[in-house]
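S.K.: following is a predicted model, sequence given first.
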Amino acid sequence: MAVLSRLIQISSSLTTRQYTSKAFCKIKPLSREIARKKVILTGGDLTIQQLVAIANDDKGEVEVVLGNAAKWKIETAREEVESEIRKGTAIYGTTTRTGPEKEKLVPELQRFQRSVAAGYGGRWGKGVDFFPAGTCRVGWVILLNQFAQGSTIISPGLSEELCAWINTVFNTNSEYHKYLPKIEKSTSISYADLTAPMQLMLETLAKHSITDEGSGTENKGYNFKPGEVLALGSSNSFTMAEMLLSLAKLESILKVCEEAAAMDIEAERASPFIISKAAEEVAQWQEKKDVINRMRVYLEGSRDWVDNPSSIHPFCTLRAAPDIIANTWETLNNAKKVVRDMINGHQGNPAVVGFWNSSEVGAIQVGPVCSFDSTRLFCNQSNVQQAVGCLAVSIAQRTEHMINHNGKDISQLFSRRLEVFTEASLRDCLMSSQVIPVSMGRMKCAAGYDWAAPAAQAAAALDKCLAAAVRLMAVNLLVSCAVVRNKLGEQAVKQIGFGLQKLFEDIQIRSFEQLEPSQPFSFANIIEYLQDKISQDKAEHSKEILNTQDDDGYDSVSSNYCDSFEPAR
């Protein structure tokens, strides 16, 4: 009862007074001209759509701030940690070293904190890919949102400093953008990403403190408190960032896949029964019903509904297209749920638990945990990889069927060697959609870890898989539109579904049919068109969360998201 009473008292206090902690009073707000939107981190309701908007913002238009309750939780947790430090309590990674040296106590010297950062922040230096800047920003926002639960050892000062860098270094118009380094991939084994966030930290807040730059003394970077360096790397936030941005991309890709499958029905002149209302009624699960419904909308007005079908029983993979696309949607939706849980859940070692973040734990507890959730992340990514692989095979089979059955009438389907591009893109997609063997997660390192699921490697593979899938769709749409044009003639665009007419015209103006047979063809324009189409869909989806400005020049906010957004004043 005492704990409940205390929580009620705190809740009432937070709703009736402005947060006044000295550590948070130094935050410099972005100017009204720059900050258009504001994402408030509470530790519990961050969404994938918000993070997509944050990733896409390199002009300082989306400001990230901590909610008042989150600030209080962080400060309360650190006060308890400081109390334990004064008592001489051994706290993993805070008063002790880590891994095989965890029994050794450490000095409370800034130099030691810096040496920890240097140890974790090594580089390959050559021969690796880099994370996009937007992915790095999302990784830091996820990390800060996890800090917002007050379950780690960080101080209000570090959370303030991290927030300031999130809002500046990724802004190409900011004076701090010059500090932004390239962050290497291929450095995580998923018991925590460690190296990528350390590389980013070493070149930013470790070199220069935004919050203390006005003190008049030489700026030597943020002054880390015991344990804070480890906390900055003690999360799989960069792996989660890469995965969730891939999931958002896959969502947009699937919408194009539905259009492409509908175009294949037009090309095949197949029976439209497979996307009829009757077929929708007998569909076994909701995602399949939704896919059938949307494909039917694309084909509204098509002559396919009145012409005699080419076959009473269309090509098998075409008949199965709604099933295969719907399965990918279902897998995607399940993965998004897991990611939402994880970006709003605790990660890190050690954990701090007390009345501010638990109704069940009364006494303050600080202890070691293995809260990196790499196995859950890995398994869900693996499911998505398999689903995309199945979808890719379906698209390739439909494409090769159209090439084989229409090449005699459209000679360039053969002479342009489109089966080569189909097969090459499929193989790239399948290579990166193969589930990584679980045995790769086995470890026998000196640090004492026996298992770390290869989630980072799966996230990187999914990113490559989707890039290959876009190339495969480019071939598929090129072929299907050419077949439609051949079968329906000059007026083809007027005879296909209303929802497909723009796509048909956009592909046709980029088709090999615009070239002389003696001129080589490049897929570049179609791939760029699809990439733009996918990016625009993601941007429009995020605008449903980040609404347009109202008449006062401030942000209007959907009531559905009031807990995590507020007008930027």
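M.R.: Here it is on my side, so go on.
S.K.: contacts and neighbour counts: CA atoms only from here.
M.R.: OK.
S.K.: residue ranges with poor pLDDT in the stretch 301-450 of the chain?
M.R.: The stretch 301-450 of the chain contains residues with pLDDT under 70 at 370-371, 446-449.
S.K.: where exactly do the helices run in it?
M.R.: 316-319, 321-343, 374-406, 412-415, 418-433 (DSSP state H, counting those that start in this stretch).
S.K.: looking at those helices, spot the one closest to residue 45.
M.R.: Closest to residue 45 of the helices of the stretch 301-450 of the chain is helix 321-343 (CA to CA; 8.2 Å).
S.K.: residues making contact with the closest one?
M.R.: By CA atoms under 8 Å, 6 or more residues apart in numbering, the surrounding residues in contact with helix 321-343 are 46-48, 142, 145-146, 237, 240, 244, 247, 250-251, 254, 257-258, 261, 275, 287-288, 291-292, 373, 376-377, 380-381, 383-384, 387-388, 390-391, 394.
S.K.: now it, how far from the centre of its chain.
M.R.: Distance of helix 321-343 from the chain centroid (CA atoms, centre = their mean, to the nearest Å) equals 13 Å.
S.K.: that helix: which residues count as buried?
M.R.: 321-333, 335-336, 339-340, 342-343 (16 or more other CA atoms under 10 Å).
S.K.: one more: stretch 427-436?
M.R.: Buried residues in stretch 427-436 (16+ other CA under 10 Å): 427-430, 432-436.
S.K.: lowest mean pLDDT among the helices and strands of this structure, which one is it?
M.R.: helix 22-25 (a mean of 44; mean pLDDT, DSSP states H and E).
S.K.: how close does residue 331 get to residue 127?
M.R.: 33 Å (CA to CA, to the nearest Å).
S.K.: likewise for residue 268?
M.R.: 46 Å.
S.K.: low-scoring stretches of this structure, by residue?
M.R.: 1-36, 93, 95, 97-103, 105, 107-110, 214-217, 370-371, 446-449, 541-569.
S.K.: show me where the chain has strands.
M.R.: Using DSSP state E, the strands of the chain run over residues 37-41, 62-66, 351-353, 365-367.
S.K.: how about the helices of the stretch 301-450 of the chain in JSON lines, adding distance to residue 482?
M.R.: Formatted as JSON lines, the helices of the stretch 301-450 of the chain follow (distance: least, CA to CA, whole Å):
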{"stretch": "helix 316-319", "distance to residue 482": "17"}
{"stretch": "helix 321-343", "distance to residue 482": "20"}
{"stretch": "helix 374-406", "distance to residue 482": "10"}
{"stretch": "helix 412-415", "distance to residue 482": "9"}
{"stretch": "helix 418-433", "distance to residue 482": "12"}
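S.K.: so who does the closest residue to residue 184 other than its chain neighbours touch?
M.R.: Nearest residue to residue 184 in three dimensions, chain neighbours excluded: residue 130, at 4.4 Å (CA to CA, 6 or more residues apart in numbering). Listed by CA under 8 Å, 6+ apart, the contact set of residue 130 reads 182-185.
S.K.: now do residue 233
M.R.: Listed by CA under 8 Å, 6+ apart, the contact set of residue 233 reads 192-198.
S.K.: change it to 6 Å
M.R.: Residues in contact with residue 233 (CA atoms under 6 Å, 6 or more residues apart in numbering) are 194, 197.
S.K.: quick check: the gap between it and residue 119.
M.R.: 12 Å.
S.K.: what do you get for residue 166?
M.R.: For residue 166 relative to residue 119 (CA to CA), the value is 23 Å.
S.K.: out of those two, which sits in the busier spot?
M.R.: residue 166 (23 against 11; other CA atoms under 10 Å).
S.K.: which residue sits closest to that one, ignoring its sequence neighbours?
M.R.: Using CA to CA, 6+ apart, the nearest residue to residue 166 is residue 137, at 6.3 Å.
S.K.: nearest to residue 457, of the helices of the stretch 301-450 of the chain?
M.R.: Closest among the helices of the stretch 301-450 of the chain, using CA to CA: helix 374-406, at 8.8 Å.
S.K.: tell me which residues of that closest one come out buried.
M.R.: Buried residues in helix 374-406 (16+ other CA under 10 Å): 374-403, 406.
S.K.: now stretch 306-318
M.R.: So, applying 16+ other CA under 10 Å, buried residues of stretch 306-318: 309, 314, 317-318.
S.K.: what does stretch 452-462 give?
M.R.: Of all the residues in stretch 452-462, those buried under the rule 16+ other CA under 10 Å are 452-462.
S.K.: is it possible to get CSV of those residues that adds distance to residue 367?
M.R.: Compiled in CSV, the buried residues of stretch 452-462 are given as follows (distance: CA to CA, whole Å):
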residue, distance to residue 367
452, 20
453, 23
454, 25
455, 25
456, 26
457, 29
458, 30
459, 30
460, 32
461, 34
462, 35
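S.K.: burial count for residue 501?
M.R.: Residues near residue 501, counting by other CA under 10 Å: 18.
S.K.: then the one 5 residues further on?
M.R.: Burial of residue 506 is recorded as 13 neighbouring residues (other CA under 10 Å).
S.K.: measure residue 428 to residue 234 for me?
M.R.: 33 Å.
S.K.: actually residue 297, sorry about that
M.R.: 47 Å.
S.K.: please apply the same query to residue 326.
M.R.: Going from residue 326 to residue 234 by CA to CA gives 36 Å.
S.K.: then residue 398?
M.R.: The separation that residue 398 has from residue 234, given CA to CA, amounts to 46 Å.
S.K.: and for residue 54?
M.R.: 22 Å.
S.K.: which residues in the stretch 51-200 of the chain form helices?
M.R.: So, for the stretch 51-200 of the chain - with DSSP H, counting those that start in this stretch - the helices run 68-87, 110-120, 133-147, 156-166, 195-202.
S.K.: would you mind finding the most buried of these?
M.R.: Sort the helices of the stretch 51-200 of the chain by mean neighbour count, taking mean count of other CA atoms under 10 Å, and helix 133-147 sits at the top with a mean of 26.
S.K.: what residues does it touch?
M.R.: The contact list for helix 133-147, computed with CA under 6 Å, 6+ apart, reads 41, 43, 55, 237-238, 241, 343, 346.
S.K.: go on, stretch 259-271?
M.R.: Residues contacting stretch 259-271 (CA under 6 Å, 6+ apart): 295, 309-310, 314, 480, 483-484.
S.K.: of all the contacts of helix 133-147, which two lie farthest apart?
M.R.: Largest separation among the contacts of helix 133-147 by CA to CA: 55 and 346, giving 21.8 Å.
S.K.: pick out whichever of residue 297 and residue 234 has more residues nearby.
M.R.: Counted by other CA under 10 Å, residue 297 and residue 234 do not tie: residue 234 has more neighbours, with 25 against 18.
S.K.: who are the contact partners of that one?
M.R.: 192, 348.
S.K.: same deal with residue 131?
M.R.: Applying CA under 6 Å, 6+ apart to residue 131 gives the contacts residue 183.
S.K.: and it, how far is that from residue 350?
M.R.: With CA to CA as the criterion, residue 131 and residue 350 are 27 Å apart.
S.K.: same deal with residue 460?
M.R.: Residue 460 is 28 Å from residue 350, by CA to CA.
S.K.: now do residue 126
M.R.: 33 Å.
S.K.: buried sites along stretch 354-365?
M.R.: Neighbour counts over stretch 354-365 (16+ other CA under 10 Å) mark 354-356 as buried.
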